[in-house]
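Enquirer: Here's a sequence, model it:
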Amino acid sequence: RSMRKWMLIVIGWGWTQLAMAQTPLTLREAISTALSANLDIRLASNEAQMASNNAQLGAAGMLPTVQATLDPSLSRNNIRQEFINGNTLVNPNARQQSLNANLLLNWTLFDGTAMFTNYKRLNKFEEIGALQARAAIEQVIAEVSLAYYETRLNLSQLATAEKNLALSRERLQLAEAKAGLGSASGQELLQSRVDFNADNSLVLRQQEQLLQSKIRLNQLLNRQADTDWVPVDSLPTALPVDIADLRKQVFAQNTWLQLAEMQAAVAGLDARLTRNAMLPRVELVSGYHINRLQSEAGFLASNQNRGLDLGLRAGITVFDGGRLNRARKNAELNQANALLLEEREKQAMDALLLSSFVAYDNNRKLIQMEAENVAIATQNVTIAREAYRVGSISALALREAQQQLLVAESRFMDATFAAALHYITLQRLSGQLIR
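Expert: Residues are numbered from 1 along each chain as shown. Below is the predicted model:
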């Protein structure tokens, strides 16, 4: 018993020190910190920026390509030439110098409109990147809100457990006083002590759960796990919502539905590209060249030419073993699958919306019911405590009233937390989580 007493003193002292070092934290501050520190958001933002960089005319093949080359050379050779007429030419260390310069332009004038299809495709990828970044932000906001409200729930449950412990302590003191006067049995005193120890253990477990929830939020905020803080905001009030309005917002603003729609659009553009590849291709080819040669040996001492080249190049695939046709059929099947996936995503989101709405609305009703139960149970405990003090009821009756209040308060807090959880889900589904 002495060891247990000292352990409780040490744990209580540690908890007091933590409480003194607590830093107030609002939900808005927590979300802001998480958004600036979360690595998934930074990765998604970089991916979105790369997709934006790619959404250019040049990347789609709509602009010409221009290449410049320069090829200078210098050589020295020992020359000995014998001609058919018997003459001989000897030129030791003969110098030869050349310069070749070219400027080449290639511009696709027609490729079956594939360049325009590519440009649309790249713009769709830019939109997909932005939506994926938005989805990452929504995920972080939802996780931070959940961890924050969980901490608020655990803090409220700790307060309830401590209030229950105070009542058990008062009951134990009364039992000890009655036992000292000989008006209470030893069994009543022992039962009071057992109940007090049980409630003390509940407080310790609740303190642990509170610390665990704080650690989880610290991880989401990318800061030291032992950073202590106290939530400022309470659990949100459960307000009525309209399922018809929510359904409209889901189909208009839901991030995952928009992603499914964009991916189906990309699949359609991929199918169009396979059809574009079957059409003729026309390219403009142009260039300007300079060729210069100077030599101390040979028939020409100097040779130079320069000029402009201009031409068209056209081509079409006549036969490739059916590769393009197979690609077209597969792309069309892939497009059909993308549309099916989009429809399946709509059905899944609608089902999740309805189940979340039913759960939210049910917990909103439970909050009102349990609030009334808490008020009744609180009044009942007050009456029972006074009755026990004067000896008109047994300790068992007081304990029963005490447990009824504890259960009622726990149900009220659970319903409030569940309503907040489902409200976050409804906001996320309807695209209102980011404001």
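Enquirer: Looks to me like D414 is in a helix.
Expert: Yes. According to DSSP: H, G, I helix; E, B strand; the rest coil, D414 belongs to a helix.
Enquirer: What is the neighbour count of it?
Expert: 16 (other C-beta atoms under 10 Å). In short, each C-beta sits where N, CA and C put it, glycine included.
Enquirer: ok, it to S156 distance?
Expert: 10 Å (C-beta to C-beta, to the nearest Å).
Enquirer: And for I84?
Expert: For I84, the distance to S156 (C-beta to C-beta) stands at 112 Å.
Enquirer: more crowded one of the two?
Expert: S156 (21 against 5).
Enquirer: Model confidence for the nearest residue to that one once chain neighbours are set aside, exactly?
Expert: For S156, ignoring the flanking residues on the chain, the nearest one in space by C-beta to C-beta, 6 or more residues apart in numbering is M413 at 5.3 Å. pLDDT recorded at M413 is 95.
Enquirer: Isn't E345 up against T255?
Expert: No. Assessed by C-beta atoms under 8 Å, E345 is found out of contact with T255, at 11.0 Å.
Enquirer: Compare neighbour counts for the two and give me the winner.
Expert: T255 (22 against 18).
Enquirer: returning to what we had before: give me the number of residues near the residue nearest to S156?
Expert: With other C-beta under 10 Å as criterion, M413 counts 21.
Enquirer: show me what contacts it?
Expert: L153, S156, Q157, T160 (C-beta atoms under 8 Å, 6 or more residues apart in numbering).
Enquirer: Just the closest of the residues you listed to Q207, please.
Expert: Q157 (10.2 Å; C-beta to C-beta).
Enquirer: Ignoring the adjacent residues along the chain, who's closest to that closest one?
Expert: Q206 (5.4 Å).
Enquirer: re earlier: from S356, how far out is the residue nearest to S156?
Expert: Going from M413 to S356 by C-beta to C-beta gives 20 Å.
Enquirer: and what of F116?
Expert: 42 Å.
Enquirer: what's the answer for L312, then?
Expert: 62 Å.
Enquirer: Compare those two (neighbour count), which wins?
Expert: S356 (20 against 10).
Enquirer: So which elements touch the helix or strand encompassing the more buried one?
Expert: Per DSSP states H and E, S356 falls inside helix 323-390. Contacts defined by 3 or more C-beta pairs under 8 Å, 6 or more residues apart in numbering; DSSP states H and E place helix 323-390 against helix 114-181, helix 243-253, helix 255-276, helix 395-429.
Enquirer: how much does the first one deviate in direction from helix 255-276?
Expert: The one in question is helix 114-181. Here helix 114-181 runs at an angle of 160 degrees relative to helix 255-276 (axes from the mean of the first three to the mean of the last three C-alpha atoms, to 10 degrees).
Enquirer: what is the orientation angle of helix 114-181 with helix 323-390?
Expert: Going by the same axes, to 10 degrees, helix 114-181 makes 20 degrees with helix 323-390.
Enquirer: Can you give me the buried ones in the helix or strand that comes right after helix 114-181?
Expert: Using DSSP H and E, the helix or strand that follows helix 114-181 in sequence is helix 186-220. Across helix 186-220, burial judged by 16 or more other C-beta atoms under 10 Å covers 188-189, 191-192, 195-196, 199-200, 202-203, 206-207, 209-211, 213-214, 216-218, 220.
Enquirer: What pLDDT is listed against S192?
Expert: The predicted local confidence for S192 is 86.
Enquirer: what number of residues lie near the closest residue to it other than its chain neighbours?
Expert: Spatial nearest neighbour of S192, chain neighbours left out: A175 (4.0 Å); criterion: C-beta to C-beta, 6+ apart. The local packing of A175 (other C-beta under 10 Å) involves 23 other residues.
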